[in-house]
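Colleague: from the sequence below, what's the structure:
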Amino acid sequence: MTAYYLSSLLAFTGGHMINYTVIMYLQDKLGSDLLSGIGFGLSFGSSIVFGWFAGVLCDRVSPLRVVHGAHALFVLSLAGLWWTDWGGGQWQVVGTLVSAFLGGLAWSFLGPARLAALGHMVPAEKLKPASILFNLQVLIGFGLAPVLIGLVRSHHGWSAVFALGMGLFVLSSLLLWGMKTQGSVQSSRGVLAEVMEGFGAVGANPLLLQLVLAAVMALAMTGPMQILLPKLAKEVLGLSELQRGVYLGMMALTLIMGGVAALLLGKHLHHGMVIFAGTTVASLLFASLSHWTNALASAAALGGMGVLGGMVISLVVAGIQAQAPPALRGRVMGIYSIISQVIPAASGVMAGAVVRSSGITQAILGAGIALACLAMLAAMVMPQLRQART
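Modeller: Model prediction:
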């Protein structure tokens, strides 16, 4: 399993490198926030269309075959970015946006396929800790990607960034050499019928349904964070570019720390209570950022929020994996993967609309309090998850 986890780390690092590259490239090369927003949407929005089919496919065929296909799409995305950077000219915008779409399409398949494959390779009694360890690779990849881009780009330019990304996906696929997973028996039913079967499985299991809703609740915070924190660091805290990078980098680091805490303490925690209490306190810490003008106090609140957020999402993913029926695992994890991409994008758009009308501090305060109230309401109306101990 070590090779699988390492392969996942390389793939998620490469995937997040593409996301960051699309946004930064459109901002730096073309100087357009509008185009970078469109690129962000293409990178994450594709799953709302293709993620459903990806889940079905992961149940019909070997999930590892789907993983390799996703890797190939990522490589094509990077090749498109490389060609666009080399050629320049009038095709620069089109080439970058097409590459962003290919990256988003790859993400639609990579998430459910990686999660479904994990469920095939790990015994049921070890699936929860294995899922937490897997989610740790996702968090590390998210934090490592911008660091690698900065280091490589500063010394060797964009071409080296694209080459490094390609190398990560090739090596990731090589690490899976010899591993095998099996799909379910071939179905003669249509894709829509099988998608609805996945929804039916979620709806039939109250704990699974509540875990999926908890994922929506927890991930709703990530959009406002990505949109509002850079503006807060610059306009309220008055940080320099270097200081702002360190401040924002704390979020990735503390998310990883939260994932490690969930892995080490998972057996001793009351999972349901940690999910609700952690989401509530993290939301209140986010709201408190509207109050702090001292950078150290703000960073401390941000760090606490990150640790709690990493713990919560790790426990939620592990719970969904453990509750998913084996024959429908691809479709259930496909639902989670769509949530993990669409909800942050949607909540980020909402946060952007609020900040334009009310200002940065009011937007952060309102978002944090609203999410805390949502978490407390969820704790009252989700008894199965509230009572879930492990």
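Colleague: packing partners of the helix or strand harbouring residue 322?
Modeller: Here residue 322, judged by DSSP states H and E, is contained in helix 295-323. With contacts taken as 3 or more Cβ pairs under 8 Å, 6 or more residues apart in numbering; DSSP states H and E, helix 295-323 sits against helix 92-121, helix 127-156, helix 206-219, helix 222-235, helix 241-265, helix 271-288, helix 329-358. C-beta: built from backbone N, CA, C; applies to glycine.
Colleague: try 10 Å this time
Modeller: helix 92-121, helix 127-156, helix 191-204, helix 206-219, helix 222-235, helix 241-265, helix 271-288, helix 329-358 (3 or more Cβ pairs under 10 Å, 6 or more residues apart in numbering; DSSP states H and E).
Colleague: can the ones you listed go into JSON lines with extra columns for mean neighbour count, mean pLDDT and distance to residue 64?
Modeller: Formatted as JSON lines, these follow (neighbours: other Cβ atoms under 10 Å; pLDDT from 0 to 100; distance: least, Cβ to Cβ, whole Å):
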{"stretch": "helix 92-121", "mean neighbour count": "24", "mean pLDDT": "87", "distance to residue 64": "5"}
{"stretch": "helix 127-156", "mean neighbour count": "19", "mean pLDDT": "84", "distance to residue 64": "14"}
{"stretch": "helix 191-204", "mean neighbour count": "16", "mean pLDDT": "85", "distance to residue 64": "20"}
{"stretch": "helix 206-219", "mean neighbour count": "21", "mean pLDDT": "92", "distance to residue 64": "24"}
{"stretch": "helix 222-235", "mean neighbour count": "20", "mean pLDDT": "79", "distance to residue 64": "28"}
{"stretch": "helix 241-265", "mean neighbour count": "18", "mean pLDDT": "83", "distance to residue 64": "24"}
{"stretch": "helix 271-288", "mean neighbour count": "22", "mean pLDDT": "93", "distance to residue 64": "29"}
{"stretch": "helix 329-358", "mean neighbour count": "21", "mean pLDDT": "82", "distance to residue 64": "12"}
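Colleague: the ones you listed: which one's closest to residue 372?
Modeller: helix 271-288 (3.8 Å; Cβ to Cβ).
Colleague: which elements pack onto the closest one?
Modeller: helix 206-219, helix 222-235, helix 241-265, helix 295-323, helix 360-381, helix 383-387.
Colleague: next, the angle helix 295-323 makes with the fifth one.
Modeller: Between the direction of helix 360-381 and that of helix 295-323, the angle (axes from the mean of the first three to the mean of the last three Cα atoms, to 10 degrees) works out to 30 degrees.
Colleague: any idea how far helix 360-381 is from the chain center?
Modeller: 21 Å (Cα atoms, centre = their mean, to the nearest Å).
Colleague: what residues sit buried inside it?
Modeller: 360-361, 363-368, 371-372, 374-375, 378-379 (16 or more other Cβ atoms under 10 Å).
Colleague: distance of the residue nearest to residue 273 when sequence neighbours are not counted from residue 320?
Modeller: Residue nearest to residue 273 in three dimensions, not counting chain neighbours: residue 386, with 7.1 Å by Cβ to Cβ, 6 or more residues apart in numbering. According to Cβ to Cβ, to the nearest Å, residue 386 and residue 320 sit 16 Å apart.
Colleague: same thing with residue 370?
Modeller: Relative to residue 320, and taking Cβ to Cβ, residue 370 is found at 24 Å.
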